[in-house]
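Engineer: whatever this is, show me its structure:
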Amino acid sequence: MDDEAPLLRTSPDYGATKVVVASGIDGAAVHREGDSLFSAVVLIFNRIIGTGIFATPSVILRSSGSVGVALLMWLTGAAIAAVGRRCISNLGRGGEKNYLDSSANSLVFSEYLLNALDVPPTRFNTRLVAFLCLTFCATVHGTHVRFGLRLQNTLGIFKLFLLGGIGLTGLFSLFGWLPLWAGSRGDVSALVVGLYNVIWSFVGYSTANYALSEIRNPVWTIKRAAPIALIGVTAVYILVNVAYFAVVSKEDILGSKRIVAALFFRNLFGSNTERVLSAFISLSTLGNLLSGQFSQGRVIQELGREGVLPFAAFFSSNKPFNAPLAALVTQWVFSCTFVILPPPGDAYLFMISLSSYSLALINTLVSFGLLLLYARPEWDPPFRAPKPVVVAFFLSNVFLVVVPFVPPKEGGRTYEHLPYWAHAVTAFAVSFIGLAYWFVWCRWLPRLKGYRLQREWILQDDGVSRCVFQKVPLENH
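Structural biologist: Numbering: from 1, shown residues only. The predicted structure follows:
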C-alpha cells in the first residue's frame, strides 16, 4: 500500500415544550418553544459534536494501524455511547464536571490558529494562545453573558455547516476503495488509547438529562431523541472520517497531530485555502470553548449551591455581573493548569486519556450501582434500561479501566515522555483525594466531634438560593 496516496478513493401530540437548547456545539442557553422531540435531538446532537472530529483522527489511525480498524473504533465508541445513554437515563437529571475538555480544546484552537497565521507551533506560543483563549472565554461569560451567548451560538451554527462541507467534498473525491485492513495492529493497549479518543468525541450523550425538568413528557421524548441524535452524530463522524481518508495520505494523517482537517483542505484547494479554513476551524473551536465554559462554570456554581464545596457562598454567587464569575474563574484556573503542566508532545493525549479514563471509572461505578438497584423489586424508575445493556456497559468500562495497566508491545509507546499508565494513576489519585475529602467532612469529623450534618436552604442577597449544612449536636454525645 502506498503511504503517499490517499487512504481511500474514491407521533402523539404532547404539546409545546420549553427546553434549554444547546444552540452552540456544546451546552448553551437559549429558551425555545416548539416540538420537544426536535429540541431534545438538537440538544444532544450539538453537545456531542465538539473538537474531537477535527483533532483525534490521527491518534486513532496511529493506534489502529488501518482505516478499517479506525472506522470500527468509531462504531465501537458509538455503541458504548448508546448503551451508556440508556444506563444514565435510569438516574434522571444530572451532569458531570470536567476541567479537561476546555484544556484540550484550547490546545486545538491554538494549533489551528497558529497554522492559519503560518506561525510554527512551539511549546511557548501554543500554550500562550491557549491561555489567552481560556482567559477570553472566562472573561466574556463572567462579565458579558449575552454577548458570549450570541457569539457561541453563531460559531456553533457555523461548525455544523463546516462539518457538512467536509463530508460532502470528501464524498466527491471518493473514486475507489483501497485495502481497509492493511497495517492493522493487534496491540490492545494501543487500541484502547485510540478508543479513549473516540469516546471523548462522543462525550455529551447525557446532556438531555440536564433539561428533564423543563421537558414535558420526558420519558417519551428522551427515549426517542437520544437514539436519533446518536445515529446522526455517528453518521457525521463516519462521513467526515471517510472524507479525511479519501483526500489525505496515511503518512500525512499520522504526522498531522491535531490539524488533519487543515491538510484535508490543503489537498483539495491549495495551501492558501488551507490557512483560511484553518482559521474557520479555530473559530468553530472557540465556539465549543465558549459553550463549554458557559455550561461547566454553572456546574461548579451548582456544586456551591449544594454546599458540597468549601466556601460555598463564594462559588454559588452571581456577583458582581449577575453571572457565576467565581465559578468561571475556578474553571479557568484548572483549565490553564492542565494546559501548562503536561510535558510538550504529551499534553493533548494525556488530557484526552485522563478525561476518558475518569469517565470510565465513574461509569463503572454507576453501572455497578444500577445492577445492585435491579436486585430491588421496589425500584421502578421511569427510565429503565434492559439489564443486559447495563451488564454490557459495566463490562466495557471495566475493560477500559483495566487495560491501561497492560504494558504496550515492544516498540510501542503511549506517550513521548510520560509512562504509559500516567493517566490511569492520575485519575485514581484525584478520585482518592475527592473520596478522602468526603470521608473527613461527612464521616470522620462528625463522629469525632459528636454532631450530624443537617441540610438547610437559604437565599443569598444576590437572589441565589443555596444549601448550608448545620452542625447539629448528637444527644448521646
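Engineer: which residues touch T426?
Structural biologist: Residues touching T426, when contacts are defined by Cβ atoms under 8 Å, 6 or more residues apart in numbering, comprise L354. In this view, the C-beta of every residue, glycine as well, is placed from N, C-alpha and C.
Engineer: following the host helix or strand of it, which helix or strand shows up next?
Structural biologist: For T426, the element it lies in under DSSP states H and E is helix 422-438. As assigned by DSSP H and E, the chain's next helix or strand after helix 422-438 is helix 445-449.
Engineer: which parts of that following helix are buried?
Structural biologist: Of the residues in helix 445-449, those buried under the neighbour-count criterion (16 or more other Cβ atoms under 10 Å) are P446.
Engineer: tell me the mean pLDDT over it?
Structural biologist: Averaging the model's pLDDT scores along helix 445-449 yields 89.
Engineer: got the CA positions of it in CSV?
Structural biologist: This file holds the C-alpha atoms of helix 445-449, laid out as CSV (Å, rounded to 0.1, in the frame of the first residue of the first chain):
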residue,chain,number,x,y,z
LEU,A,445,-15.2,14.9,61.8
PRO,A,446,-18.9,14.4,62.7
ARG,A,447,-18.1,11.2,64.6
LEU,A,448,-15.0,12.7,66.3
LYS,A,449,-16.8,15.9,67.5
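Engineer: give me the contacts around that helix.
Structural biologist: Counting by Cβ under 8 Å, 6+ apart, residues outside helix 445-449 touching it are R452, L453, K471.
Engineer: helices or strands up against the helix or strand just after it?
Structural biologist: Reading on from helix 445-449 to the C-terminus, the next helix or strand found by DSSP H and E is strand 451-459. Taking 3 or more Cβ pairs under 8 Å, 6 or more residues apart in numbering; DSSP states H and E as the contact definition, the neighbouring helices and strands of strand 451-459 are strand 465-473.
Engineer: partner strands of the strand it packs on, with direction?
Structural biologist: Sheet pairing here is set by DSSP bridges, and for strand 465-473 it gives strand 451-459 (antiparallel).
Engineer: who's in contact with the partner strand?
Structural biologist: Defining contact as Cβ under 8 Å, 6+ apart, one finds that strand 451-459 is touched by 307, 442, 446, 465-474, 477.
Engineer: what do you get if the cut-off is 7 Å, keeping everything else the same?
Structural biologist: Taking Cβ atoms under 7 Å, 6 or more residues apart in numbering as the criterion, the residues outside strand 451-459 that touch it are C442, P446, S465, R466, C467, V468, F469, Q470, K471, V472, P473, L474.
Engineer: next one: it to chain centre, how far?
Structural biologist: 33 Å (Cα atoms, centre = their mean, to the nearest Å).
Engineer: ditto for stretch 330-344
Structural biologist: 16 Å.
Engineer: what's the average pLDDT for the helix holding T426?
Structural biologist: In this model, helix 422-438 carries a mean pLDDT of 90.
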